[in-house]
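1. attaching a predicted model along with its sequence, questions to come.
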Amino acid sequence: MSLSDITSPQPVLDAIAEFDRLGRNRFLKKYGFGRSRSYWLFHNGKQYDSKPIVGAAHGYARPNLGPLRPTEFMGGIPVKRTLEHLGFRVAVNDPAPAPIVLTSDQLTLEKIYTRDDLRILFSITDATLNTGIFSPKGTSSVWLFITEEKTADRTPYSDQLQGDLLYWQGQMSSRKDALIINHQTRGLELLVFFRKKKSEYPGFGFRYLGPFVYSSHTGNKPTNFVLQRKRDSACHVPPTAADADGFDPMSVEDAREWISSSITQRRGQKRFRDDLISSYNGQCAITGCSVLDVLEAAHIYPYRGPDTNRVTNGLLLRSDIHTLFDCGLLAIDPDAMTVLVSPQLRESEYGALHGRSLCLPESPAQQPSTEALKMQLKTSVLKPGRLL
């Protein structure tokens, strides 16, 4: 038995969860460890005794062998190397380090920030602030600066924000892909600054959308990412927006226009949606629902500009089904053309959809692309080999 048996972050995360559940003293007593003196594991802003966590993690990684006892392995540098190799952060000789700094605590949702604003607010001198991915020194934040419509010297594809999902193409070099994919393991927050085009806001500013989390990715150089807005930030309304003016009856009509615009955006580009409604006879491809007001144009392969607005790259889906499909909790078997439901939804009302035949357009030329369905399946939680 050795530290090399721990080959993925999950056993460490399981040990951390047990530490949180039992509390420090009970956890250390259970596994027979004393308190750490010099090496500390940090995760999501919390501090943990590194050697006891790794000892317990071995039991999660190799249940047949069980956890490592204190006398069975060396702490210190070997533990530090193991944890850092798995993407975790370890501090040395600092039992009471400075608290984790999250820049989101100093930012206001929906506010427009220029890079100069951020430079002044956080005393930044690093020139790489002008790049698309930036990590402010001394913080646990990663900033993503995203422009939906690229200029001529950039990649021809468009990034796309659809509801709480962001379809984003990373850097051509893919050098920082691991930072995005493993950000939660490393205790980092992903903060999105977004604009439709470079000149949308004064000073070439960006609208701050708040924290997002990694969902899935495909390809590389560049990698196509799907990020999802964190639920707490999605539901948070800045106090100024909620309380400043109170209720104004004169604004009701404007609010209706805004709601209508928001629904239209979520439903998908009008022509694309109209084409899908025609192809699928106005019915959800999975549930058969025919209430047009709740039917949306779902892309199978994520939106990457007008070329992806093809009927063969789309499904007409009820709004809740669309959300589950985008989150990878529903998929389509590309060979049998049947619905696949994530095991975590099998006991819910959505479980009845598992194995249901997809409602297909009558014309073969309008039926969904099997290659696109295969790609979506690979990025969902229903990966091949885990469909039962």
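-> Cool, got the structure. Because the structure is a prediction, the values reported are computed rather than measured.

2. now do the SS call for L41.
-> strand (DSSP: H, G, I helix; E, B strand; the rest coil).

3. neighbours of it, how many?
-> When neighbours are counted by other Cβ atoms under 10 Å, L41 registers 27. Backbone N, C-alpha and C define where each C-beta goes, glycine included.

4. you'd agree it is up against P52?
-> No. Using Cβ atoms under 8 Å, L41 is not in contact with P52, being 9.5 Å away.

5. what are the buried residues along the strand or helix carrying V90?
-> Element membership for V90 (DSSP states H and E) is strand 89-92. Using 16 or more other Cβ atoms under 10 Å as the test for burial, strand 89-92 gives R89, V90, A91.

6. okay if I get those as TSV plus pLDDT?
-> Shown next, in TSV, are the buried residues of strand 89-92 (pLDDT from 0 to 100):
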residue	pLDDT
R89	89
V90	88
A91	85
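
7. pull up the pairing partners for the strand holding V90, direction included.
-> Here strand 89-92 is paired, per DSSP bridges, with strand 39-43 (antiparallel).

8. give me the next element, helix or strand, following the partner strand.
-> Past strand 39-43, the next helix or strand by DSSP H and E is strand 46-49.

9. quick revisit: give the next helix or strand downstream of the strand holding V90.
-> The helix or strand immediately downstream of strand 89-92 is strand 112-113, counting by DSSP H and E.

10. what's next to that following strand, contact-wise?
-> L107, L121, F193, Y201, P202, G205, F206, R207, Y208 (Cβ atoms under 8 Å, 6 or more residues apart in numbering).

11. the second one reaches D105, doesn't it?
-> I take that to be L121. No. Between L121 and D105 there is no contact under Cβ under 8 Å: 11.7 Å.

12. comparing these two, which residue is more hemmed in?
-> The neighbour count for L121 versus D105, taken as other Cβ under 10 Å, is higher for L121 (12 against 8).

13. how many neighbouring residues does the nearest residue to the more buried one once chain neighbours are set aside have?
-> Distances taken as Cβ to Cβ, 6 or more residues apart in numbering place Q106 nearest to L121, at 6.7 Å, with adjacent residues excluded. Close neighbours of Q106, defined as other Cβ under 10 Å, add up to 12.

14. please read off the pLDDT at Q106 from the model.
-> The model reports Q106 with a pLDDT of 87.

15. how far away is it from F193?
-> 14 Å (Cβ to Cβ, to the nearest Å).

16. on the pLDDT front, check the nearest residue to I6 once chain neighbours are set aside for me.
-> Leaving aside its chain neighbours, I6 sits nearest to A61 (4.7 Å; criterion: Cβ to Cβ, 6+ apart). Note on A61: pLDDT of 90.

17. thank you, goodbye.
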